[in-house]
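Here you go, sequence then predicted model.
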Amino acid sequence: MNLHEYQSKGLFRAAGIPVPPGEVASRVEDALQAAERFGYPVVVKAQVLIGGRGKAGGIKVVRGGEDLSREAGRILGMELRGLKVSRVLITPSADIAREYYAGIVLDRRNEAPLLMVSPAGGIDIEEVARATPEKILRIPIDARGLPTYRARAAARFLDKDPAVQKRIAPILIRLVHAYHVQDATLAEINPLVVTKTGEVLALDAKIVIDDSALDRHPDLAAMRDLSAEDPGEIEARARGLSYVKLDGTIGCVVNGAGLAMATMDLIQFHGGKPANFLDIGGSSNPDKVEAAMHILTGDSRVRAVLFNIFGGITRCDDVARGLLLALDRLKVRIPIVIRLTGTNEREAREILGERGLIALSDMDEAVRAVIARAAEAA
Amino acid sequence: MNLHEYQSKGLFRAAGIPVPPGEVASRVEDALQAAERFGYPVVVKAQVLIGGRGKAGGIKVVRGGEDLSREAGRILGMELRGLKVSRVLITPSADIAREYYAGIVLDRRNEAPLLMVSPAGGIDIEEVARATPEKILRIPIDARGLPTYRARAAARFLDKDPAVQKRIAPILIRLVHAYHVQDATLAEINPLVVTKTGEVLALDAKIVIDDSALDRHPDLAAMRDLSAEDPGEIEARARGLSYVKLDGTIGCVVNGAGLAMATMDLIQFHGGKPANFLDIGGSSNPDKVEAAMHILTGDSRVRAVLFNIFGGITRCDDVARGLLLALDRLKVRIPIVIRLTGTNEREAREILGERGLIALSDMDEAVRAVIARAAEAA
Amino acid sequence: MSVLVGRGTKVVVQGITGRDGSFHTRGMLDYGTKVVAGVTPGKGGEEVHSVPVFDSVEEAVAKTGANCSVIYVPAALAQDAIYEAVDSGIPLVVCISEGIPVRDMVEVSAYMRGRGGRLVGPNCPGLISPGSCKVGIMPGTIAKPGKVGVVSRSGTLTYEVVWQLTRAGLGQSTCIGIGGDPIVGTRFADMLSLYEEDRGTEAIVLIGEIGGSDEEDAATLIRRAITKPVVAFIAGQTAPPGKRMGHAGAIVSGGSGTAQEKMARFQEAGIPVAKTPSEIPGLIAAALRPKRKSKLKLVRGKAKRSAPAKASRRRRR
Amino acid sequence: MSVLVGRGTKVVVQGITGRDGSFHTRGMLDYGTKVVAGVTPGKGGEEVHSVPVFDSVEEAVAKTGANCSVIYVPAALAQDAIYEAVDSGIPLVVCISEGIPVRDMVEVSAYMRGRGGRLVGPNCPGLISPGSCKVGIMPGTIAKPGKVGVVSRSGTLTYEVVWQLTRAGLGQSTCIGIGGDPIVGTRFADMLSLYEEDRGTEAIVLIGEIGGSDEEDAATLIRRAITKPVVAFIAGQTAPPGKRMGHAGAIVSGGSGTAQEKMARFQEAGIPVAKTPSEIPGLIAAALRPKRKSKLKLVRGKAKRSAPAKASRRRRR
């Protein structure tokens, strides 16, 4: 789960990492009041879960009230990569001397977190990694956390000033600790700035929390911003489905993530465009099938739906029953192509047959069929 | 540093370990009020830092106010193994069904904590270890803390009732965690009781905190009860000396713990009785020598003092100066025997010689001399 | 012939009294797997499908000689279950549980390093050595004994491929799903080495997906040390970046871990990459054609796992 | 001849700019020890007694080839200093610092297990191979080159014994103080094995004290695997139970770790126990007497560290 900048900064502040003061506003008046408390110039920052907000016009420095009213008004309500901005962060403008990067990711190869710091701050770390890899220092994190001596080495890598190094080292130790205790999979300060007075501040913050760990962090789970997500994805999560919306025309209902990806790929291979990733999971609860159909029929771009079910633990007859349930309850006006094989395949075919539905057994054949039906429906 | 029962229980309570309610009183009136809040019968428990308080008469169950007044009055002010009781803990009497032992010590051989549990609760665990070692389950603790499955195994070892096991297991996990985060070197629940209603409670509690870790636990350091310690030991700690009072007649001032122990042993070997262990440490600050003399002359049993200094880092001349400083400032009426060798030995002899003092260079000779002087002085 | 599990495998089921544990115990028993014990704390003395239940793995091992554990406990309890199995000396621990926090697995990984014992999974379907033993949740009916080793990060996609192999007359030595999480106990490289050593395996199917670099590491290993033919398939070519595709580990982040990159690495290593699942049986059949097979034997006879072997292998392709 | 440190030892001093670090660097240099580098974070580029100071151990090792570290930092920073030395690949780390929390050392111990590198201390005076190298704070003047290995848990008591040996004409191969804390990196048993292997050591003095079971473990090891004569002394016979005698590790708790117990264990193992420090030189001299020496050589020639050697050794006493 991605956290907003203001939420991430809140966690950093609680972890003892210096962040600039800030207030979140969803109305221009509130933004003005906050700015007056801080004193101008302030920065108005759109709170949306995408990178590159600055380039997209979602971050502005303003020098007075009029300026702020105009910019806050513009940003509140704008769309950034399809996401509506409903909140801005108002924060005093900092006198930046130098900008660095500090971030922790999960290093899957080493099966442990990895701290990366770079004196090339404020820009995308992946770009730095490609263009100037020598500008990144990588420090593997083990069960000890970040030993002080390593934090000092990282601080020396970033800044020449011993006084600044002494401020940076504890920030890195706390960042590593926060990553651990909050069950993060990413924790990033970009930029970590040194101000002209030698202060060190986390000017931007990004934390991603491990979805699998939210159960033990009710405080973090409560930070989820539903307004920042696709309604279909919200419904899917609520119903225990794994769903990702895409921009194609062929909806897919599949059991198993790998098979679901392979189905999308096969649609593209045969010339179609998948509208989504959707995994109904291992169980064969008919309600999940109905929920899946509800989500797909809510996407106006979907022209046809493909069911691709390989019965193992999932029983084909349960899926067939779920499909019929969906057809009864929802007004489904788009064609459906069904591919079933495996456990209780015969029973499933019988159930479907009673309603005049035919199930294919070959995956390629089914994909070609659904592409044809979608083309007809367009 | 040993914590009182009520302090240990406070830490356990904060760690989520169930302890019975309790109030500390240093006056009979307060004890009465506490007892009335709890309702009779209550237990009056002397808060002194010794084991075996029950056998020594420091713990009494009382059934009413008169009873309490008499017992609290008797216990407050009594002496238990030389320690004056200035506080009692008033706690409701529990309906005990079964009594167990749970404790963590540092296992020096394995360089890790060791959890021990035993169904033979309420008695000295060392006695159990001697008499019925099969009644103790030992669980080494590694960096993971106490895995749940091991906590369950320990709980099964203690009690047959699955409902009780489910209450014991988390107590053990929390005990291990508290031991770790509080930098304890001992954490003991004895007895851990199962009440007749199936509740599980830490009826007594004992925690020893690692002295070396007190700097990072100011809250624990503040719990030190000076009234429970020997005034000489308090002064020694304040002056950076390592001092243990014994009941002999020959005071010793030595540099280094090993040499100090060997000096005591040698006094006994030659027929004398050491009055103390005293290590002035590696530095040769004259103030420390003066402090040492102040402490020793405050012990009325001391008949003579032996200085045993092996100059290495410690400079013999510094010790000599410190001794003269002490003789100037304190009224020292007891004989002093000095043994010096090593760094700046000659300078030291000169300094002492100016005041008519002679230093020996052989340890055995010095010990025999001090024993003779003590005998004369007696 | 097979790897990891076979006729000598004696399984203890952790979480046997749960819904999944009980259901799949039935499935394993029906397949002929020797399920000798179950563990559910507090239910020691009970039975599930006539399998005795114990309070702890330690007890189960002591009483039954179990040498493989399969874990069906809820995600929040899975780390402890793995610790219990490993600490009890079980050499093969298969964790089916899905949704284990990454931090728990980081800790498990650090703990297991340098200790004995192999973990398969978590978030995996387990493994099957057709005809002799199945551990986990794979449907036994899709597989048949043979010479193809299958290793995959997914579940149903594995079934799909195994089923297609079986229909094409290509039986399997062992099929394993290593799990879809970012951190899993057994990786592609581990399985490739096991299949390379296994005399019953003559070709290998590797089914990867987006995310991480396990496929890339596998490609490097194959180039260096695997002499048997490998056919690869990678799912997720159409997955958008930054989105988790069902599996916690199936995510393209920071432009790395794409299907395209992985496919390219296999192709550079001279390994055929199937464009669709249905192409796999044909590619395997081609790899096993008698002419090639004799060459392969020659190569292995000469210098197994050495530089000359590698060179010959490249020539072969 | 010597163990652990000698002419090839190149020392880096962690905390060299501190009061103790600087003072003892002077002492080590005066003795002839090759102190090649110092480390104090933020003071890289400075010099202490002409020794170059670096910001990190890693840098010091890279620039000077240091192969031994000695640590003089405050107790609160000592754990990190040990980690830094070990992580930088230093094979011998000597920690002088006193007052390190036990938990810190439990963590260090767990971390070092299975990794390379030896820790001596903490809370120790270090070690000296007379005539060639001293690392730590021992006064160099008390020792002289010879054939007696000395291992001790204390500081000044060691100096006392070494001084008495020297005055009796009994030089030392190496003298080491292993430290007075409950957890130390190198124990009696480790040193006994090193002295046993060292061709320049012919007899061993072991100076133990109350607390723990390291002396008991040493007695067991000597009985099983040490063929060279050992003389033991134990301090603290008059120490009251439950009181820490200066050293954090010198405490009789729960009736175990008494001097009496330790002395009895040595005596049972056939090892002479000195009743006073001044008895030690005489016992060592007796052990080294020509007649016995020839027997010892015979035994070693026959079967070193084996059961027959053990049997002969018992006869010898």
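Arrived safely.

show me where chain C has helices.
Here chain C has its helices, by DSSP state H, at C:19-31, C:57-64, C:75-87, C:102-112, C:156-167, C:188-197, C:214-225, C:259-268, C:280-288, C:290-303, C:307-316.

will you turn those helices into JSON lines that also has mean neighbour count and mean pLDDT?
All C-beta atoms are positioned from the backbone trio N, CA, C, and that covers glycine. Formatted as JSON lines, these follow (neighbours: other CB atoms under 10 Å in any protein chain shown; pLDDT from 0 to 100):
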{"stretch": "helix C:19-31", "mean neighbour count": "18", "mean pLDDT": "95"}
{"stretch": "helix C:57-64", "mean neighbour count": "20", "mean pLDDT": "98"}
{"stretch": "helix C:75-87", "mean neighbour count": "23", "mean pLDDT": "98"}
{"stretch": "helix C:102-112", "mean neighbour count": "21", "mean pLDDT": "97"}
{"stretch": "helix C:156-167", "mean neighbour count": "25", "mean pLDDT": "96"}
{"stretch": "helix C:188-197", "mean neighbour count": "20", "mean pLDDT": "98"}
{"stretch": "helix C:214-225", "mean neighbour count": "21", "mean pLDDT": "96"}
{"stretch": "helix C:259-268", "mean neighbour count": "18", "mean pLDDT": "96"}
{"stretch": "helix C:280-288", "mean neighbour count": "20", "mean pLDDT": "96"}
{"stretch": "helix C:290-303", "mean neighbour count": "13", "mean pLDDT": "45"}
{"stretch": "helix C:307-316", "mean neighbour count": "14", "mean pLDDT": "40"}
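
I'd like to know which of the ones you listed lies nearest to chain B.
Shortest distance between chain B and the helices of chain C, using CB to the nearest CB, is found for helix C:75-87: 3.9 Å.

same for the closest one, what does it pack against?
If contacts are counted by 3 or more CB pairs under 8 Å, 6 or more residues apart in numbering or on different chains; DSSP states H and E, helix C:75-87 sits against helix B:148-158, strand C:10-14, helix C:57-64, strand C:68-71, strand C:92-95, helix C:102-112.

closest one to chain A among the ones you listed?
helix C:102-112 (4.0 Å).

circling back to that earlier point, nearest to A:G258, of the helices of chain C?
Among the helices of chain C, the nearest to A:G258 by CB to CB is helix C:156-167 (3.3 Å).

Work out the gap between stretch A:269-281 and the centre of the chain.
20 Å (CA atoms, centre = their mean, to the nearest Å).

got the buried residues for that stretch?
Residues A:G272, A:K273, A:P274, A:A275, A:N276, A:F277, A:L278, A:D279, A:I280, A:G281 are the ones in stretch A:269-281 that count as buried (16 or more other CB atoms under 10 Å in any protein chain shown).

does any part of it sit near chain C?
Yes: using CB under 8 Å from any CB of the partner chain, stretch A:269-281 reaches chain C at A:F269, A:P274, A:F277, A:D279.

Columns pLDDT and secondary structure on top of the residues you listed, output as JSON lines?
Formatted as JSON lines, the residues of stretch A:269-281 next to chain C follow (pLDDT from 0 to 100; DSSP: H, G, I helix; E, B strand; the rest coil):
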{"residue": "A:F269", "pLDDT": "97", "secondary structure": "helix"}
{"residue": "A:P274", "pLDDT": "97", "secondary structure": "strand"}
{"residue": "A:F277", "pLDDT": "96", "secondary structure": "strand"}
{"residue": "A:D279", "pLDDT": "94", "secondary structure": "strand"}
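
What average pLDDT does stretch A:333-350 get?
In this model, stretch A:333-350 carries a mean pLDDT of 93.

And it, end to end?
Distance between the boundary residues of stretch A:333-350 (CA to CA, to the nearest Å) amounts to 23 Å.

Relative to the whole chain's centre, how far out is that stretch?
Relative to its chain's centre, stretch A:333-350 lies at 33 Å (CA atoms, centre = their mean).

any residue of it up close to chain C?
Yes: against chain C, stretch A:333-350 shows contacts by CB under 8 Å from any CB at A:T341, A:G342, A:T343.

Skip ahead from the helix or strand hosting the first one and say which helix or strand is next.
Spelled out, that is A:T341. Per DSSP states H and E, A:T341 falls inside strand A:336-342. Using DSSP H and E, the helix or strand that follows strand A:336-342 towards the C-terminus is helix A:345-354.

Could I get the buried residue list for that next one?
In helix A:345-354, counting by 16+ other CB under 10 Å, buried: A:E345, A:E347, A:A348, A:R349, A:I351, A:L352.

cool, stretch C:3-20 as well?
Buried residues in stretch C:3-20, counted by 16+ other CB under 10 Å: C:3-5, C:9-18, C:20.

Quick check: the farthest pair among those?
Farthest pair in those, by CB to CB: C:V3 and C:T17, 30.2 Å.

Can you check the distance spanned by stretch C:9-21, start to finish?
Length of stretch C:9-21, first residue to last, CA to CA: 18 Å.

how far does stretch A:243-252 stretch from start to finish?
Taking CA to CA, stretch A:243-252 runs 10 Å from one end to the other.

oh sorry, the question was meant for stretch A:78-96
One end of stretch A:78-96 to the other measures 28 Å (CA to CA).

hmm, back to that, how about the helices and strands packed on helix C:75-87 in a markdown table, adding distance to D:G200?
Shown next, in a markdown table, are the helices and strands packed on helix C:75-87 (distance: least, CB to CB, whole Å):
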| stretch | distance to D:G200 |
| --- | --- |
| helix B:148-158 | 47 |
| strand C:10-14 | 55 |
| helix C:57-64 | 49 |
| strand C:68-71 | 53 |
| strand C:92-95 | 50 |
| helix C:102-112 | 41 |
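
Leaving out chain neighbours, which residue sits closest to the residue of chain C most remote from its centre?
Using CA atoms, centre = their mean, the residue of chain C lying farthest from its centre is C:G45. It sits 32.4 Å away. With sequence-adjacent residues excluded and distances taken as CB to CB, 6 or more residues apart in numbering or on different chains, C:G45 is closest to C:V53, at 6.9 Å.

can you pull up the bridge partners for that neighbour?
C:G38 (DSSP bridges).

My guess is it contacts C:K43. True?
Yes: with contacts counted by CB atoms under 8 Å, C:V53 reaches C:K43, the gap being 5.1 Å.

Many thanks, have a good one.
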